[in-house]
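Visitor: Provided below for reference: sequence and predicted model.
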Amino acid sequence: MEKTDILIVGSGISGLFFAIKMAKKRPDLSITILTKASADSTNTRYAQGGIAVVTNTEEDSFEQHIRDTLQAGGGSCNTEIVRMVVEQAPERLQELLNLQVDFDTTVSGAWDLGLEGGHSHHRILHYKDQSGLEMERKLLRQLSRYPNIVLFEDYFSIDLTTENNCCTGMSYYDKTRGTIKHIRSRITVLCTGGCGQLFQNTTNPEIATGDGVAMAFRAGAVIKDMQYIQFHPTALYETGKNPLFLLSEAVRGFGAYIINHNYERFLFKYDTRGELATRDIISKAIGTELLKTSEKHVYLDCRHLNAKRFYEHFPSITDYCLKSGFDPAKEPIPIVPAAHYQCGGIQVDKNARTSIQNLYAVGECAQTGLHGKNRLASNSLLEALVFAHQGMQSALKTIDSIRFSTVITLNQQPIASYSTTPSIKPLKALLQKTMTAFFTTEASDINTVRNTLKKLKQKADSLFQSHDRNSFPSYIEFRNMLTVSMILLEHSYSTPEIESFTTS
Ligand code: SIN
């Protein structure tokens with residue numbers, strides 16, 4: 001594999017939707033998807049809530065979805081982008097349905113629309129509490145219909161290659177063979193997800209290490225608003241776990257309460273919407289409550305809800321809680337806020353184009369202007385679909401005029417000289433502790449954090465000198481985490497209004 005017309009990095013909803021749409025339009029183009037783990041090890045598969053789309057126009061409207069998105073974003077959304085995304089939603093939804101993706105319906109056959117924080121109407125299409133998983137598996141299943149798409153698992157992207165601010169391909173590590181290689185591409189699309197793994201408490205899986213942002217940054221792309229990390233208020237509190245299990249916002253939409261150790265609903269002191277306020281407000285309120293009480297967690301209370309209906313809606317959540325020793329029907333479930341979503345990222349225009357020519361970014365790794373400071377619940381899968389569509393349309397217009405670079409870099413370089421396995425794990429734990437403290441307490445001073453990151457980099461580099469080929473990806477991943485942490489730090493520094501919200 002030396003060249004491909006279109007190179008897609010990441011196999012979540014953004015990458016798969018882009019690939020399928022492009023393959024349909026242009027069966028003559030070669031489309032390659034590289035993913036660093038197994039095809040379905042993506043953030044997409046963990047999205048429980050669903051996808052926000054205005055389908056019931058008698059009670060709901062585009063204008064209301066736009067207003068809710070803008071309000072959640074705290075004055076930092078791009079209104080034109082918000083309108084484009086909300087208005088395109090029904091069309092993109094229809095495409096998902098055409099790809100055999102299922103969503104729950106009521107007994108009368110209408111969509112069973114869920115409600116989530118910040119939404120003024122029930123408008124979330126969902127598949128039980130496994131919406132992302134349903135999309136991921138149905139889109140993966142579609143790939144076999146397109147012989148011009150190939151997907152490689154366990155291929156770890158290292159760096160983009162550019163000439164005159166034009167992306168020409170990428171170096172990557174083939175884990176199975178233990179070699180670094182280079183692939184040339186005419187168009188490259190980063191769909192690499194977020195960076196929740198920078199934090200101790202996160203709902204994001206292990207693969208969410210900010211690789212796309214780090215690679216784009218090193219290649220010179222504009223990165224924006226990385227300080228806006230969204231914390232989800234209801235992750236299951238389990239000590240020593242990373243990631244933490246998500247208890248979907250849809251559970252609060254279904255009627256669950258958040259209570260403190262005195263079993264009081266305290267959120268109305270912070271916002272009149274109570275449990276249905278947006279995530280930023282609820283996470284901060286929980287943080288304040290924890291500070292006041294010196295407790296480690298608050299609770300999600302589902303005891304008053306109909307247990308049978310609850311199980312029908314939230315089978316995975318119920319099963320997971322029961323397995324962890326909590327019965328949602330009988331006792332309040334301990335919860336904490338956890339890093340959940342990266343609202344900023346690689347800056348793109350309305351066609352998903354980055355500041356580097358022929359390089360696109362779609363999904364959580366991109367900063368589109370939709371989310372502002374705080375994403376409205378269930379707008380992320382929608383954003384992925386809309387920008388995959390926009391990017392694909394734009395790429396269609398230019399692909400025929402783009403030539404492959406004639407420069408071939410780094411091909412077949414073996415890295416067999418690394419002989420001992422370095423221990424990146426404790427370094428990663430220190431990084432997560434440092435970033436969590438910086439983001440969630442007022443005590444952390446930026447220079448101390450900068451120095452810690454620099455020391456971690458030196459330590460990782462020296463470990464890398466005595467490296468084992470099997471641990472090469474963890475080194476690259478850790479290097480990406482350090483790069484993204486540094487960006488986050490610098491972006492936060494220029495945004496002093498960011499408030500601390502929890503000390504856990
Ligand atoms: C959730 O189900 O609460 C997560 C969905 C989202 O992040 O929008």
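Guide: Yep, it's here.

Visitor: Might you report the residue contacts of the nearest residue to Lys373 once chain neighbours are set aside?
Guide: Leaving aside its sequence neighbours, Lys373 sits nearest to Gly74 (C-beta to C-beta, 6 or more residues apart in numbering; 4.0 Å). For the C-beta atoms, the positions are set from N, CA and C on the backbone; glycine is no exception. Residues near Gly74 by C-beta atoms under 8 Å, 6 or more residues apart in numbering: Asp280, Gly372, Lys373, Asn374.

Visitor: Which of these sits closest to Val348?
Guide: Taking C-beta to C-beta as the measure, Val348 lies nearest Gly372 of the contacts of Gly74, at 15.0 Å.

Visitor: Around that closest one, how many other residues sit close by?
Guide: 23 (other C-beta atoms under 10 Å).

Visitor: what do you get for Lys397?
Guide: If we define neighbours as other C-beta under 10 Å, then Lys397 has 9 of them.

Visitor: re earlier: pop out the phi and psi values for the residue nearest to Lys373.
Guide: Gly74 adopts backbone torsions of phi 60, psi 40, taken as degrees, to the nearest 10.

Visitor: what about it, distance to the ligand?
Guide: As judged by C-beta to the nearest ligand atom, to the nearest Å, Gly74 and the ligand stand 17 Å apart.

Visitor: Equivalent analysis for Leu93, please.
Guide: Taking C-beta to the nearest ligand atom as the measure, Leu93 and the ligand are separated by 16 Å.

Visitor: where's the dip in pLDDT among the contacts of Gly74?
Guide: Among the contacts of Gly74, Asp280 has the lowest pLDDT, at 93.

Visitor: what residues are up against it?
Guide: Applying C-beta under 8 Å, 6+ apart, the residues contacting Asp280 are Ala72, Gly74, Gln230, Phe231, Lys373, Asn374.

Visitor: Figure out the helix or strand that it lives in.
Guide: Using DSSP states H and E, Asp280 sits in helix 279-293.

Visitor: The ligand contacts on the protein?
Guide: Counting by C-beta under 6 Å from any ligand atom, the chain comes close to the ligand at Ala47, Gln48, Gly49, Ser248, Glu249, Ala250, Tyr341, Ala377, Ser378, Ser380.

Visitor: Kindly reformat those residues as TSV and extend each row with secondary structure.
Guide: Formatted as TSV, the residues of the chain next to the ligand follow (DSSP: H, G, I helix; E, B strand; the rest coil):
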residue	secondary structure
Ala47	coil
Gln48	coil
Gly49	coil
Ser248	coil
Glu249	helix
Ala250	helix
Tyr341	strand
Ala377	coil
Ser378	coil
Ser380	helix
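
Visitor: about what we covered before: mind listing which of the contacts of Asp280 are in strands?
Guide: The strands, defined by DSSP state E, take in Gln230, Phe231 from these.

Visitor: for the contacts of Asp280, which one is nearest the ligand?
Guide: For the contacts of Asp280, the residue nearest the ligand by C-beta to the nearest ligand atom is Gln230; the value is 8.0 Å.

Visitor: pLDDT score for the closest one?
Guide: Gln230 is assigned 97 on the pLDDT scale.

Visitor: and the nearest residue to Leu244 once chain neighbours are set aside, what are its bridge partners?
Guide: Closest residue in space to Leu244, ignoring its immediate chain neighbours: Ala235 at 3.9 Å, by C-beta to C-beta, 6+ apart. Beta bridges link Ala235 to Leu246, Val336, judged by DSSP bridges.
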